[in-house]
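1. The sequence isn't on hand, but the structure is:
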């Protein structure tokens, strides 16, 4: 699945589980939260489904082999000053909550190649209900939000 937003955080300072995320949302947001998972290609990824008017999924991505590197790339993609406060803050993060649409990516496997189409599968992180949930989580984990749809990084 393609992410519509990420909430970066430092996993060494914030030991975060999906149960923690679900509990915080249930206690502080008006939306129902349910546990679900994505499975395919021999793997299972636990997720939360947040039942805002436009529902969305949350999953934890904390693989040290690629998450910190992608966070560094975002500093360049967003044209952040590497010495600026925002870049310095997100450079300390090593994990993220991935915010994804409930609409699956289209995957075509013709036997010799796999083609993935993500067009139209994004949710808008600027949607008021979604944005409220993202900011609630961002503040809880002392993180930063990267809007993959509209661009920009917001430090909580």
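-> In hand now; what should we look at? In this text, all values refer to a predicted model and were calculated from it rather than measured experimentally. Numbers count the residues shown, from 1 in each chain.

2. switch to C-alpha atoms for all contacts and neighbour counts from now on
-> Will do.

3. Burial check on the nearest residue to residue 56 once chain neighbours are set aside, number of neighbours?
-> With sequence-adjacent residues excluded and distances taken as Cα to Cα, 6 or more residues apart in numbering, residue 56 is closest to residue 101, at 5.0 Å. By the criterion of other Cα atoms under 10 Å, residue 101 has 22 neighbours.

4. wait, doesn't residue 101 sit right on residue 3?
-> Yes: assessed by Cα atoms under 8 Å, residue 101 is found in contact with residue 3 at 7.4 Å.

5. the helices in the protein, which residues?
-> With helices called from DSSP state H, the chain shows them at 18-28, 67-77, 85-90, 128-140.

6. List the buried residues for the second one?
-> Same thing as helix 67-77. Across helix 67-77, burial judged by 16 or more other Cα atoms under 10 Å covers 67-68, 71-72, 74-75.

7. So in this protein, where's the weakest helix or strand by average pLDDT?
-> Lowest on mean pLDDT, DSSP states H and E among the helices and strands of the chain sits strand 114-117, with a mean of 59.

8. Contact partners for the residue nearest the centre of the chain?
-> Nearest residue to the geometric centre of the chain (Cα atoms, centre = their mean): residue 98, 1.8 Å. By Cα atoms under 8 Å, 6 or more residues apart in numbering, the contact set of residue 98 is 3-7, 57-61.

9. Residue 111: which of the residues you listed is nearest?
-> The closest of the contacts of residue 98 to residue 111 turns out to be residue 3 (Cα to Cα; 26.2 Å).
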